[in-house]
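Chemist: everything below, folded, please.
(one chain, ligands or ions: 1)
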Amino acid sequence: MIKIQPKNSYQGGSENFKGFIRLSSNENNYGPSSKVISAIKDNSKYSNIYPELDGNSLKLQLAKTFKINSNQIILGAGSDEILQMAYAAFTKPGDEVLFTKYAFAMYSIYAKNFKCKAIKFNDKNLQFSLNDLLKLSSANTKIIFLANPNNPTGSIFYKKELINFLDKVNKKTIVILDDAYCEYIQDKSYDNGMNLVKKYPNLMITRSFSKIFALGGLRIGWGYSQLHNISKIYEFKKPFNVSRLSCIAGIESLKSKSWLKSNIQKNIINKNYTINNLKKIFFEIIDTKANFILLKFKNEKLANSYVNFLNKKKITVRSLTSYGLPNYIRMTIGTQSDMRKTVKISNKFNV
Ligand SMILES: Cc1ncc(COP(=O)(O)O)c(C=O)c1O
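Modeler: Sure thing, here's the model as predicted:
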């Protein structure tokens, strides 16, 4: 008998894009810079040639950009793949992993895949303190996953709290600081943890090209930690896991600081516009420091009818039912034009 293909347990956002305003997957709707697109086009003719085994050119560019050692970097097909490799390297069945209840879905999905026991801190009210979370860790906790800011709740912690936590946590527990959205944070008291890697042998940073860098479709992420951790997870890295065009796009996108700066600015402007202009009759708005906001409805039915209403108008937003937050909708901040249209249409929503 033919086995049925298992359903992917990750419930992603909408896959529609042509003709749609996509506000469902926290992408950057401005798209990659023209220089990145030219680099991809110029290199597409080499698609017959295998990429570098480990994406060394991109690692070198990352090392240069962030003034870090390229040996301490590992590339993944999205930062998601780094998380998977970390599970493979640092856990065995029965081990505990710790994260918040409303954390990025893949932490939980991989816990199941790797037969780990997921301990979840209940971040009710969508915020939490690292001190409280730490109380749930034990000698059997192999990895603690912390997205800062977190998706989908937008919760965030600052440098002082992070350092205090790193000082206290068991040094045998790997702390993965998931920085998928870190570029959006301008606050000086925020720390993406990059400079803390030298001091804390159990700290690993993961970063993504899928968010502000607008390269979600090319699947590029990376991990950074002390060499002993990177060597361990390298054992689980497939050769050629990041494609030639992805590496080229990644390299090119790191070169323009002004492009990055202007995209950070645009996100703030468009987010403020959206928050100030959406009519708050059916929902309250929860602001975040990242590239999305949350809309909290009175009930699930109302939230779903809002999603369907926007979908009919070719605007996709993300229901958070699969995250256990059925009254909430996550709306990514798109371009100025995306948000003007979305506000206009959304303000006509009625029940
Ligand atoms: C908090 C967080 N971490 C990791 C990822 C994975 O990103 P990617 O695999 O595209 O780098 C996402 C994607 O939405 C995310 O929100």
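Chemist: run a quick neighbour tally on whichever residue of the chain sits closest to the ligand.
Modeler: Nearest to the ligand in the chain, going by C-beta to the nearest ligand atom, is G78, at a distance of 2.6 Å. Heads up, the C-betas are built off the backbone N, CA and C, glycines and all. Neighbourhood size, G78 [other C-beta atoms under 10 Å]: 25.
Chemist: could you pull out the buried residues of the longest helix along the chain?
Modeler: What stands out as the longest helix in the chain, according to DSSP state H, is helix 257-277. If you call a residue buried by 16 or more other C-beta atoms under 10 Å, then helix 257-277 has these buried ones: 259-260, 263-264, 266-267, 270-271, 274-275.
Chemist: just stretch 82-96 next, same as before
Modeler: Neighbour counts over stretch 82-96 (16+ other C-beta under 10 Å) mark 82-91, 95-96 as buried.
Chemist: what does stretch 203-215 give?
Modeler: Going by neighbour count (16+ other C-beta under 10 Å), the buried part of stretch 203-215 is 203-215.
Chemist: for the ligand, tell me which of those residues show up nearby.
Modeler: For the ligand, the contacts drawn from the buried residues of stretch 203-215 by C-beta under 6 Å from any ligand atom are 208, 210.
Chemist: please tell me how far A303 sits from A103.
Modeler: A303 is 20 Å from A103, where distance means C-beta to C-beta, to the nearest Å.
Chemist: now do N43
Modeler: Relative to A103, and taking C-beta to C-beta, N43 is found at 36 Å.
Chemist: swap in D187?
Modeler: To A103, D187 is 21 Å away according to C-beta to C-beta.
Chemist: again, but for V97
Modeler: V97 sits 11 Å away from A103, going by C-beta to C-beta.
Chemist: quick one: which of these two has more around it?
Modeler: A direct count of neighbours by other C-beta under 10 Å for V97 and A103 places V97 higher, at 27 against 24.
Chemist: what average pLDDT does the helix or strand where the more buried one lies get?
Modeler: Assigned by DSSP states H and E, V97 belongs to strand 96-100. Averaged over strand 96-100, pLDDT sits at 98.
Chemist: strands paired with that strand, and their directions?
Modeler: strand 117-121 (parallel), strand 141-147 (parallel) (DSSP bridges).
Chemist: got a list of what the closest residue to I174 other than its chain neighbours touches?
Modeler: Nearest residue to I174 in three dimensions, chain neighbours excluded: I143, at 4.7 Å (C-beta to C-beta, 6 or more residues apart in numbering). When contacts are counted by C-beta atoms under 8 Å, 6 or more residues apart in numbering, I143 is found next to 86-87, 90-91, 97-98, 173-176.
Chemist: so what's I143 bridging to?
Modeler: Judged by DSSP bridges, the bridge partners of I143 are V97, I174.
Chemist: separation between it and E52?
Modeler: In terms of C-beta to C-beta, I143 sits 28 Å off from E52.
Chemist: quick one on the thing from earlier: hmm, which two among the buried residues of stretch 203-215 are most spread apart?
Modeler: Farthest pair in the buried residues of stretch 203-215 (C-beta to C-beta) is L203 and A214. Separation: 27.5 Å.
Chemist: just for this structure, where's the confidence low?
Modeler: Within the chain, the ranges that satisfy pLDDT under 70 run 1, 8.
Chemist: about what we covered before: deepest of the strands paired with strand 96-100, which one?
Modeler: Mean neighbour count (mean count of other C-beta atoms under 10 Å) peaks for strand 141-147 among the strands paired with strand 96-100, with a mean of 24.
Chemist: what comes up buried for the helix or strand that that one is followed by?
Modeler: Tracing the chain C-terminally past strand 141-147 and defining elements by DSSP H and E, one meets helix 159-168 next. For helix 159-168, burial by neighbour count (16+ other C-beta under 10 Å) applies to 159, 161-163, 165-166.
Chemist: do a quick rundown of the strands in the protein.
Modeler: All strands of the chain, identified by DSSP state E, fall at 21-23, 73-76, 96-100, 117-121, 141-147, 174-178, 203-208, 221-225, 283-286, 292-297, 315-319, 328-332.
Chemist: among those strands, which is nearest S246?
Modeler: Among these, strand 73-76 comes nearest to S246, with 8.8 Å by C-beta to C-beta.
Chemist: quick one: list the elements packing against the closest one.
Modeler: Helices and strands touching strand 73-76, by 3 or more C-beta pairs under 8 Å, 6 or more residues apart in numbering; DSSP states H and E, are helix 56-66, helix 79-90, strand 221-225, helix 227-234.
Chemist: can you give me how far that strand is from the chain middle?
Modeler: With C-alpha atoms, centre = their mean, to the nearest Å as the basis, strand 73-76 stands 15 Å off its chain's centre.
Chemist: within the sheet, what are the partner strands of it, with directions?
Modeler: Paired neighbours of strand 73-76 in the sheet (DSSP bridges): strand 221-225 (antiparallel).
Chemist: hmm, the partner strand touching the ligand?
Modeler: Yes - if you take C-beta under 6 Å from any ligand atom as the test, strand 221-225 does meet the ligand, through G221.
Chemist: now tell me what touches that strand from outside.
Modeler: Here strand 221-225 makes contact (C-beta under 8 Å, 6+ apart) with 59, 62, 66, 68, 72-82, 85-86, 180, 194, 197, 203-210, 230, 233.
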